[in-house]
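Asks: Sequence first, predicted model second:
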Amino acid sequence: MAEAHCPASCGELLQGWILGGEKLISCPINWYSNVSVTQGKPGPRERPRMRQMVKQVLAHFDQSPLLAENICIEFESTIPVAKGLASSTADIAATAMATSRLLGQPLSDESLAQLCVALEPTDSTIFKDLTLFDHQTAQTQLSFPWLPDIDIVLLESSQTVLTEEFHQRKRHSLLLKQAPYLVKAMQQFRLANERRCCYTLGEATTLSAIASESLLPKPQFYQLLDIVEHSGIYGLNVAHSGSVIGLLLNHCQHDVERLLRMLHRKQIIKNYPRMHLVKMVAGGVR
């Protein structure tokens, strides 16, 4: 048996028109998809793209596709699907790594990225460092070696968004229109990385979230911006092709209970009935 684990993402720190095309920087969190593969008869409980990934990995290592008929995939994941939490990326990336381990073959980050984008738009949670990533072609991989010490109040909406359907929408003109926000957001992100400043990071993520409003509006978004300002937390980020919102803070510096009271007082729970306290972690498949 071989195993692998890949983190979810609380939306994106940044996403939009950056360096000549749409790119993103994911926000990996301590919520994982755990996949194991063994030699044996395929079971009834697996997600379709997991099986597709097994076949892709076999082809990558010049193995017979018939071997897939004797590989059993099992997984455990409580990551909500179709919310912008990178559940699918976590599933297929962990499947790819577990399969390569079963074969006794090393799989580089670059190869993993190519295998994943061949199936679907992919989050940069597959990389250890925060990474600016072309999630549709894998051609851009610009890493930033800083792990911010950030806790996140993750607001989960009841709404679902299918990532594949979202990327088929005609968004090009809106992406270009919002590009100046992303230029500023990327500048702030670089500065945050250089200075190791979470407040500057929050400015960057909030700019990107504001730009995203014209592409995929979030309920009570401007009320949440007001809460961010009055609570003094770092900022907020959103799932640019999903429905979740993250409030970025540090539990040692900010009053989480006061923040939660503000959210309830503003009746945020009407549109975001589930709230989770999570933490930003290093990305990469374990």
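Replies: Yep, that arrived.
Asks: CA atoms for contacts and neighbours, from now on please.
Replies: Will do.
Asks: Strands along the stretch 51-200 of the chain, start to end?
Replies: 71-77, 130-133, 141-144, 151-156 (DSSP state E, counting those that start in this stretch).
Asks: mean confidence score for the third one?
Replies: This predicted structure assigns strand 141-144 an average pLDDT of 97.
Asks: One more: the last one?
Replies: Computed over strand 151-156, the mean pLDDT rounds to 98.
Asks: Paired strands for that strand, with orientation please.
Replies: strand 245-249 (antiparallel), strand 274-279 (antiparallel) (DSSP bridges).
Asks: hang on, the earlier thing: now render the strands of the stretch 51-200 of the chain as a markdown table, adding distance to D91 and mean neighbour count.
Replies: Putting the strands of the stretch 51-200 of the chain into a markdown table (distance: least, CA to CA, whole Å; neighbours: other CA atoms under 10 Å) gives the following:
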| stretch | distance to D91 | mean neighbour count |
| --- | --- | --- |
| strand 71-77 | 8 | 19 |
| strand 130-133 | 18 | 25 |
| strand 141-144 | 21 | 16 |
| strand 151-156 | 20 | 22 |
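Asks: Dump the strands paired with strand 151-156 into CSV; add mean neighbour count and distance to C198 as well.
Replies: What follows is the strands paired with strand 151-156, written out as CSV (neighbours: other CA atoms under 10 Å; distance: least, CA to CA, whole Å):
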stretch, mean neighbour count, distance to C198
strand 245-249, 27, 8
strand 274-279, 16, 14
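Asks: Reformat these into a markdown table and put mean pLDDT and distance to E46 next to each item.
Replies: Shown next, in a markdown table, are those (pLDDT from 0 to 100; distance: least, CA to CA, whole Å):
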| stretch | mean pLDDT | distance to E46 |
| --- | --- | --- |
| strand 245-249 | 98 | 28 |
| strand 274-279 | 98 | 26 |
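Asks: To I73, which of those strands lies closest?
Replies: strand 274-279 (27.5 Å; CA to CA).
Asks: Contacts for the closest one next, please.
Replies: Contacts to strand 274-279, defined as CA atoms under 8 Å, 6 or more residues apart in numbering, come from residues 29-31, 150-157.
Asks: okay, that strand in CSV with CA atoms only?
Replies: This file holds the C-alpha atoms of strand 274-279, laid out as CSV (Å, rounded to 0.1, in the frame of the first residue of the first chain):
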residue,chain,number,x,y,z
ARG,A,274,-20.9,27.0,8.6
MET,A,275,-17.8,28.6,10.1
HIS,A,276,-14.5,26.8,10.5
LEU,A,277,-11.4,27.9,12.3
VAL,A,278,-8.4,26.7,10.2
LYS,A,279,-4.8,27.6,9.8
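Asks: List just the one of the strands of the stretch 51-200 of the chain that sits closest to L162.
Replies: Of all the strands of the stretch 51-200 of the chain, strand 151-156 sits nearest to L162, with 15.2 Å by CA to CA.
Asks: which residues are in contact with the closest one?
Replies: Contacts for strand 151-156 (CA under 8 Å, 6+ apart): 10, 83, 243-251, 272-280.
Asks: What segments of the protein are helices?
Replies: Taking DSSP state H as the criterion, the chain contains helices spanning 48-60, 87-102, 109-117, 163-167, 172-177, 179-195, 198-212, 221-231, 256-265.
Asks: picking up where we left off before, would a markdown table of the strands of the stretch 51-200 of the chain with distance to A209 be doable?
Replies: Formatted as a markdown table, these follow (distance: least, CA to CA, whole Å):
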| stretch | distance to A209 |
| --- | --- |
| strand 71-77 | 27 |
| strand 130-133 | 16 |
| strand 141-144 | 20 |
| strand 151-156 | 14 |
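Asks: Can you tell me which of the ones you listed is nearest to I18?
Replies: When these are compared by CA to CA, strand 130-133 sits nearest I18, at 9.1 Å.
Asks: strand partners of the closest one, parallel vs antiparallel please.
Replies: Sheet pairing of strand 130-133 (DSSP bridges) gives strand 21-39 (antiparallel), strand 141-144 (antiparallel).
Asks: Considering only helices and strands, which part of the protein has the lowest mean pLDDT?
Replies: helix 163-167 (a mean of 67; mean pLDDT, DSSP states H and E).
Asks: can you name the two of the contacts of strand 274-279 that are farthest apart?
Replies: I150 and S157 (21.4 Å).
Asks: Below-threshold pLDDT in the stretch 151-286 of the chain: ranges please.
Replies: Within the stretch 151-286 of the chain, the stretches with pLDDT under 70 are 164-165, 167-168.
Asks: rerun that using 80 as the cut-off
Replies: 162-170 (pLDDT under 80).
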